[in-house]
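Peer 1: this one's sequence-less:
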Ligand code: CP
């Protein structure tokens, strides 16, 4: 693997899932793979799970992880080519990224969308500039439009939780929130489930919350949440802001919150969420504290997803 930016960097999703599950069973089997190697993890935005799980994954492979919270500890980077840097940006990525390329063997980056200009966000300029100028493999720790380590984790979690000899029905449902959030997790989950091709996949959201077809193509889409939830085996709960009239939060109807009453429509579905979650806004306490929630399992699996990806890059596997 040369980089990990989206599902398009993965040749065989099931094989990568099995590698991750093998690390879950035996975390230290490749404990010398990363000896004398370093991963630099740059956070332009805050993180808890992604930061900690990537550090643990690197350590399990014998690799040193160096964290740089660029957002808090660094200065503003410039990403536009030919920019006249007379404003607030202090250093161009063209100057900074080659240095990271000398310090590290792998560069991992978390960026975030502005939610102001869709073309800018969907161009993925930040991560593309790091790829262009660092000269080393780049791993996305969440970008403007995608969150591939989360989505790989989600497929791992579904694979280990579903033992029946049939396709699971997976429902991605929009949930209310208090502020506009990126589309990254929903885009990425849709992209991975569609590429995986081993589920009946339904997306449900209120009108005006359509996601980009680039990621949802292949899924059944409905505005009727109750209809979508019927016989679901997995319900993935997530808020996202509007894609068409970009980055907005229209009225956030509380009736879209997942509750135990709605779970009755499902096939005793497991409930997933990438976390952090707004309790009793996105998901009720009764679900999060009840037997159907697998959010802790899901978050714990972030380690094995990161470990499988870092190992593939270290091994230089295609
Ligand atoms: N799910 C996720 O990416 O969590 P963090 O923002 O805490 O990394």
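Peer 2: That came through fine. Just so we're clear, the structure is a prediction, and the values are computed from it rather than from any experiment.
Peer 1: around the ligand, which positions in the stretch 151-300 of the chain sit nearby?
Peer 2: Residues of the stretch 151-300 of the chain lying near the ligand by Cβ under 6 Å from any ligand atom: 274, 275. C-beta here means a position set from N, CA and C on the backbone, and glycine is covered the same way.
Peer 1: can you pull out the strands in the stretch 151-300 of the chain?
Peer 2: 169-174, 200-204, 220-222, 234-238, 270-272 (DSSP state E, counting those that start in this stretch).
Peer 1: quick one: low-confidence residue ranges for the stretch 101-250 of the chain.
Peer 2: Under the criterion pLDDT under 70, no range of the stretch 101-250 of the chain is flagged.
Peer 1: can you give me the end-to-end distance of stretch 289-301?
Peer 2: Start-to-end span of stretch 289-301 (Cα to Cα, to the nearest Å) is 19 Å.
Peer 1: how about it: buried residues?
Peer 2: 292, 293, 294, 295, 298, 299, 301 (16 or more other Cβ atoms under 10 Å).
Peer 1: looking at those residues, which one is closest to residue 35?
Peer 2: Each of these was checked against residue 35 using Cβ to Cβ; the closest is residue 301, at 25.2 Å.
Peer 1: which pLDDT value goes with the closest one?
Peer 2: Predicted confidence (pLDDT) for residue 301: 98.
Peer 1: how close does it get to residue 255?
Peer 2: Distance of residue 301 to residue 255, computed by Cβ to Cβ, to the nearest Å: 31 Å.
Peer 1: now swap in residue 39 and tell me
Peer 2: Look at residue 39 and residue 255: by Cβ to Cβ, they are 44 Å apart.
Peer 1: of the two, which one has the most company?
Peer 2: Per other Cβ atoms under 10 Å, whichever of residue 39 and residue 255 has more neighbours is residue 39, with 27 against 9.
Peer 1: tell me how many other residues crowd residue 180.
Peer 2: 17.
Peer 1: once you drop chain neighbours, what's closest to it?
Peer 2: If you skip the residues right next to it in sequence, residue 180 has residue 241 as its closest partner in space, 3.6 Å away by Cβ to Cβ, 6 or more residues apart in numbering.
Peer 1: count of neighbours near the one you found?
Peer 2: Number of residues near residue 241 (other Cβ under 10 Å) recorded here: 19.
Peer 1: got phi/psi on the residue nearest to residue 115 when sequence neighbours are not counted?
Peer 2: Excluding the flanking residues, the one nearest residue 115 by Cβ to Cβ, 6+ apart is residue 247, at 3.3 Å. Backbone torsions of residue 247, given as degrees, to the nearest 10, read phi 70, psi 20.
Peer 1: the chain should start at 18 in everything you say after this.
Peer 2: Fine by me, first position is 18 from now on; the one you just mentioned is residue 264.
Peer 1: surely residue 264 touches residue 197?
Peer 2: Yes: applying Cβ atoms under 8 Å as the test, residue 264 and residue 197 come out as touching, 5.7 Å apart.
Peer 1: joint contacts of those two?
Peer 2: Shared contacts of residue 264 and residue 197 (Cβ atoms under 8 Å, 6 or more residues apart in numbering): 132, 258.
Peer 1: what sits against residue 128?
Peer 2: 61, 62, 143, 144, 159, 160, 161.
Peer 1: which of the residues you listed fall in helices?
Peer 2: If you go by DSSP state H, the contacts of residue 128 have 143, 144 in helices.
Peer 1: reformat the contacts of residue 128 as JSON lines; add distance to residue 214 and neighbour count.
Peer 2: Formatted as JSON lines, the contacts of residue 128 follow (distance: Cβ to Cβ, whole Å; neighbours: other Cβ atoms under 10 Å):
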{"residue": "61", "distance to residue 214": "33", "neighbour count": "19"}
{"residue": "62", "distance to residue 214": "32", "neighbour count": "16"}
{"residue": "143", "distance to residue 214": "30", "neighbour count": "21"}
{"residue": "144", "distance to residue 214": "26", "neighbour count": "26"}
{"residue": "159", "distance to residue 214": "24", "neighbour count": "26"}
{"residue": "160", "distance to residue 214": "23", "neighbour count": "25"}
{"residue": "161", "distance to residue 214": "26", "neighbour count": "23"}
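Peer 1: which two of the contacts of residue 128 have the greatest separation?
Peer 2: Longest span within the contacts of residue 128, Cβ to Cβ: 62 and 144, 12.7 Å.
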